[in-house]
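*Asks:* give me a model of this one.
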Amino acid sequence: MDHGRNLNTPSRDQEDFDVILFLNRYRKYWFLYVLGIFLALGAARFYNWYINPVFAITAKLMVKDDNAATDKLLQQISIEKPAKNLENEIEILRSHNLMAKVLNELEFDVSYFLIGKLKKSEVYKDCPFQIKADQLPYPAHFQEFFVELLDTATFEFTVSDATNIHTGKFNEPFDVGYGSMVLTRRDNFPFEQLGNPGFDKRQYSIKFNTISYNQNRYISKLNIGLVRPQSTILQVYIEDEVPQKGLDFVSKLLE
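*Replies:* The predicted structure follows:
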């Protein structure tokens with residue numbers, strides 16, 4: 001009869017466990033572990049490349065108070081003045097009227113995208129061309145247009161539904177059923193590289209934006225708040241996938 005057993009005494013299975021034997025049993029699959037690590041690293045790198053990064057743009061604005069003497073008198077009699085000036089300034093900066101004025105002075109009525117082999121990325125002033133439309137009809141804002149650079153002087157322009165394909169030249173007006181349009185070249189693009197078969201910056205897409213769309217988009221993206229309590233300095237914050245575009249917007253807003 002077993003009158004007692006020390007529970008702290010290892011069992012036979014625990015005593016017979018061989019770590020070396022356990023590792024040797026799975027060592028023959030070492031290549032699968034290495035392959036899994038490389039696949040995970042490759043997937044993470046592809047994800048970081050495929051997802052367009054978002055950049056933060058911040059600026060600070062000092063709100064001048066023209067009633068400093070009145071404020072001092074109110075403080076002496078223990079009456080706190082509401083921060084109406086700051087609240088009004090924030091409302092003005094976020095107003096539709098000011099937003100429309102700012103956006104009309106920027107090149108935000110058209111969005112340009114570079115079409116790569118696997119993804120599409122928005123471009124801004126680094127786009128090789130700029131499009132101007134004369135009396136653009138409203139339905140054009142619901143279409144996507146495609147441009148393929150053929151050489152330094154010509155391009156192919158296609159409507160998204162492929163109903164009209166036009167081969168034209170820069171600086172010459174053309175019409176694909178949505179009014180007269182003109183494509184002008186930008187000087188900062190290496191057009192001489194188009195002769196290189198390996199050059200991949202040839203295909204672009206275009207989307208026309210209404211002013212109301214841009215207003216709602218940038219008002220929703222715009223964040224304005226105090227740098228710290230009791231401060232008269234506002235901090236303006238916005239995120240954008242194209243840093244220069246966000247910087248131009250904030251700079252024009254605070255002019």
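
*Asks:* now do the strands in the protein.
*Replies:* 55-62, 110-115, 120-123, 129-134, 145-149, 154-159, 165-169, 174-175, 180-185, 203-208, 223-226, 233-240 (DSSP state E).

*Asks:* now the fourth one: mean pLDDT?
*Replies:* What it means is strand 129-134. Averaging pLDDT along strand 129-134 gives 94.

*Asks:* same check, this time on the fifth one
*Replies:* What strand 145-149 shows for mean pLDDT is 96.

*Asks:* for the chain, where's the lowest mean pLDDT among helices and strands?
*Replies:* helix 68-76 (a mean of 46; mean pLDDT, DSSP states H and E).

*Asks:* one step back: mind putting the strands of the chain into a markdown table with mean neighbour count and distance to residue 195?
*Replies:* In this view, the C-beta of every residue, glycine as well, is placed from N, C-alpha and C. A markdown table is the format used below for the strands of the chain (neighbours: other Cβ atoms under 10 Å; distance: least, Cβ to Cβ, whole Å):
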| stretch | mean neighbour count | distance to residue 195 |
| --- | --- | --- |
| strand 55-62 | 13 | 33 |
| strand 110-115 | 18 | 19 |
| strand 120-123 | 14 | 21 |
| strand 129-134 | 15 | 18 |
| strand 145-149 | 19 | 11 |
| strand 154-159 | 17 | 13 |
| strand 165-169 | 14 | 17 |
| strand 174-175 | 14 | 24 |
| strand 180-185 | 16 | 16 |
| strand 203-208 | 19 | 16 |
| strand 223-226 | 14 | 46 |
| strand 233-240 | 17 | 34 |
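
*Asks:* as JSON lines, those with distance to residue 94 would be great.
*Replies:* Below are the strands of the chain laid out as JSON lines (distance: least, Cβ to Cβ, whole Å):
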{"stretch": "strand 55-62", "distance to residue 94": "13"}
{"stretch": "strand 110-115", "distance to residue 94": "22"}
{"stretch": "strand 120-123", "distance to residue 94": "24"}
{"stretch": "strand 129-134", "distance to residue 94": "29"}
{"stretch": "strand 145-149", "distance to residue 94": "32"}
{"stretch": "strand 154-159", "distance to residue 94": "36"}
{"stretch": "strand 165-169", "distance to residue 94": "41"}
{"stretch": "strand 174-175", "distance to residue 94": "39"}
{"stretch": "strand 180-185", "distance to residue 94": "33"}
{"stretch": "strand 203-208", "distance to residue 94": "25"}
{"stretch": "strand 223-226", "distance to residue 94": "7"}
{"stretch": "strand 233-240", "distance to residue 94": "10"}
